[in-house]
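J.: Kindly generate the corresponding structure for this input.
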Amino acid sequence: MDETLKLAAAQFLSEFKELAKTALNVWPREVNTQALLDMKLTFSDRAHIILSLSVDDYSSGPMRDLRRAGDVWIFGKTVNCIEIYIKLKVVEYQSLDTNTTVRQAACISFHPAREPLEYPFK
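T.: This is a model prediction of the structure:
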């Protein structure tokens, strides 16, 4: 396996989790909300699953986000026998109050995988 990519994935997860301690922004997409309902998971369950991700759960990335600046990373986790597709990124924006760059952990997708994911580090 590509050790450079494995190291990059580990560094991304480390930074993501550190930022998520302050705030984890989950995008309010219908597919994300429906996944929680269908799987009988709470917001807290989802946060716990995301924060429990390891490099072994890495599937792909970094890939350029086609809608916003920055890269996205894809991870997967099996919960209650269902493979979950998890797309994460660190979002950067300028604070209007302090005119400083703010970094925030964001979960773009959290829903059952539409097709099986590959895990190159498992």
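
J.: Which other helices and strands does the biggest helix by length in the chain contact?
T.: Longest helix in the chain, counting residues (DSSP state H): helix 3-20. Packing partners of helix 3-20 (3 or more Cβ pairs under 8 Å, 6 or more residues apart in numbering; DSSP states H and E): helix 43-51, strand 58-64, strand 82-94, strand 101-112. C-beta coordinates here come from the backbone N, C-alpha and C atoms, glycine included.

J.: right, so of these, which gets closest to L5?
T.: Nearest to L5, of all those, is strand 58-64, at 8.3 Å by Cβ to Cβ.

J.: what's the angle between that closest one and helix 3-20?
T.: For strand 58-64 against helix 3-20, the angle by axes from the mean of the first three to the mean of the last three Cα atoms, to 10 degrees is 80 degrees.

J.: Specify the beta-bridge partners of the spatially most central residue of the chain.
T.: Geometric centre of the chain, nearest residue: L88, 2.6 Å, by Cα atoms, centre = their mean. With DSSP bridges as the criterion, the beta-bridge partners of L88 are W73, C107.

J.: Just the pLDDT at N25, thanks.
T.: Per-residue confidence for N25 comes out at a pLDDT of 87.
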